[in-house]
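Chemist: here is a sequence with its predicted model. Questions after.
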Amino acid sequence: MNNVIYKQIYDLDKTGISIHYYTQRGEYTPPHWHSALELHYALNGTGEIIFEKKKHALVSGEFLLVDSNVIHHTQCARISMGISIYVSREFLKKYIPDLDAYRLECSRETLVREKLQSYLKICEMIKELPRMYILQPLGYEMRCEAIVMDVMFVLLNNFAVREIREESTKDARVMERLNEINAYVREHYREPISLEAISSSLGLSREYFCRFFKQHMGINYARHVNLVRLVHIYDDIVNTQDNIMVIAEKHGFTNYKLFTRMFREIYGCTPSSVRKGEKGKQ
């Protein structure tokens, strides 16, 4: 989104590691997932990441890990600066071939006392990344990559839980179908919501599609589409001077009452107050 300012240091496809520095205000991200491991570190501001039916607070000086293919959504309550680190599972498998036998979970709220020092050690490691980026000494990108590798070593040896997993083929089919749904929503979110259209495009009955989507995404399909619309609308409110009602209709909201109610629910304010706030900064 245009209202998120970030600097990408690494290309995940080339190195297996991607580091982003970002500044964002009031940002909401609908339910989504990554094939890579995802680590968020807050430099300032506050936020919340919701996954596996739990809310995880993200505050300055702390980090939160989201394992690969875990569906999650994020909300930054205030102006926030942070670091997002993505590490490819395929990259890690070069060193740990049986990585799929482990689940990674690490957040401040779930820490047990004996793991606290390891958590704080990782926080200290991550703190070096902004300094490297600002000073940019010779070979700083190499050093950043080394820091991330050190972080992963501590994570794997303190926060990896070995578990018996079902055959991965089933999970792969689920993620493939969710990716198809995601692609459909990106292409059609401006259009009226039609359960018949998307279910038939996937070769599924409407009833099965509704059950599948709710089971794996945690919300119903109509709400998900409306959340995607809200993200695009928020972006246009911040970055254009177009009429708010026109923006809402452009992105698929024809029920203005529902739009304003959901906008307030997600962003904690009215669309017009966001517009006024942006004007006040200019």
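Modeler: Yep, that arrived.
Chemist: residues near the residue nearest to Pro31 when sequence neighbours are not counted, how many?
Modeler: Closest residue in space to Pro31, ignoring its immediate chain neighbours: His73 at 4.6 Å, by C-beta to C-beta, 6 or more residues apart in numbering. Any C-beta I mention is one placed from the backbone N, CA and C, and that applies to glycine too. Using other C-beta atoms under 10 Å, His73 is surrounded by 20 other residues.
Chemist: what about His73, distance to Leu258?
Modeler: Noted for His73: a distance of 19 Å to Leu258, by C-beta to C-beta, to the nearest Å.
Chemist: ok, Leu64 next?
Modeler: For Leu64, the distance to Leu258 - C-beta to C-beta - is 31 Å.
Chemist: looking at those two, which one has more neighbours?
Modeler: For Leu64 versus Leu258, neighbours defined as other C-beta under 10 Å are more numerous around Leu64 (24 against 12).
Chemist: which strands or helices does the helix or strand the more buried one falls within pack on?
Modeler: Using DSSP states H and E, Leu64 falls within strand 63-66. For strand 63-66, the elements it packs on are strand 37-44, strand 46-51, helix 116-135, judged by 3 or more C-beta pairs under 8 Å, 6 or more residues apart in numbering; DSSP states H and E.
Chemist: Serialize those to JSON lines and add fields for distance to Val151 and mean pLDDT.
Modeler: Formatted as JSON lines, the helices and strands packed on strand 63-66 follow (distance: least, C-beta to C-beta, whole Å; pLDDT from 0 to 100):
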{"stretch": "strand 37-44", "distance to Val151": "7", "mean pLDDT": "93"}
{"stretch": "strand 46-51", "distance to Val151": "18", "mean pLDDT": "87"}
{"stretch": "helix 116-135", "distance to Val151": "5", "mean pLDDT": "95"}
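Chemist: tell me which of the ones you listed sits most buried.
Modeler: strand 37-44 (a mean of 20; mean count of other C-beta atoms under 10 Å).
Chemist: not counting that strand itself, show me its contacts.
Modeler: With contact meaning C-beta atoms under 8 Å, 6 or more residues apart in numbering, strand 37-44 is reached by 47, 49, 58-68, 79-89, 92, 104, 123, 126, 130, 151-152.
Chemist: filter those to the buried ones?
Modeler: By neighbour count, with 16 or more other C-beta atoms under 10 Å, the contacts of strand 37-44 hold 47, 49, 58, 62-68, 80-89, 92, 104, 126, 151-152 as buried.
Chemist: quick one on the thing from earlier: let me know whether the residue nearest to Pro31 touches Ile50 as I believe.
Modeler: Yes - proximity of His73 to Ile50 meets the contact threshold set by C-beta atoms under 8 Å, at 5.4 Å.
Chemist: and His72, how many residues sit next to it?
Modeler: Counted with other C-beta under 10 Å, the neighbours of His72 add up to 19.
Chemist: same deal with Ile96?
Modeler: 14.
Chemist: cool, Leu202 as well?
Modeler: A total of 14 residues lie near Leu202 under the criterion other C-beta under 10 Å.
Chemist: so how far is Glu249 from Arg206?
Modeler: Using C-beta to C-beta, Arg206 is found at 26 Å from Glu249.
Chemist: show me the beta-bridge partners of Tyr86.
Modeler: Assessed by DSSP bridges, Tyr86 has beta-bridge partners Ser18, Glu38.
Chemist: which residues touch it?
Modeler: Tyr86 neighbours (C-beta under 8 Å, 6+ apart): 12, 17-20, 34, 36-39.
Chemist: how about Glu207?
Modeler: Counting by C-beta under 8 Å, 6+ apart, Glu207 touches no other residue.
Chemist: coming back round to it: then the strand holding Leu64 to CSV, C-alphas only?
Modeler: This file holds the C-alpha atoms of strand 63-66, laid out as CSV (Å, rounded to 0.1, in the frame of the first residue of the first chain):
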residue,chain,number,x,y,z
PHE,A,63,9.3,-9.1,18.4
LEU,A,64,6.7,-11.7,17.3
LEU,A,65,7.2,-14.7,15.1
VAL,A,66,4.6,-16.0,12.6
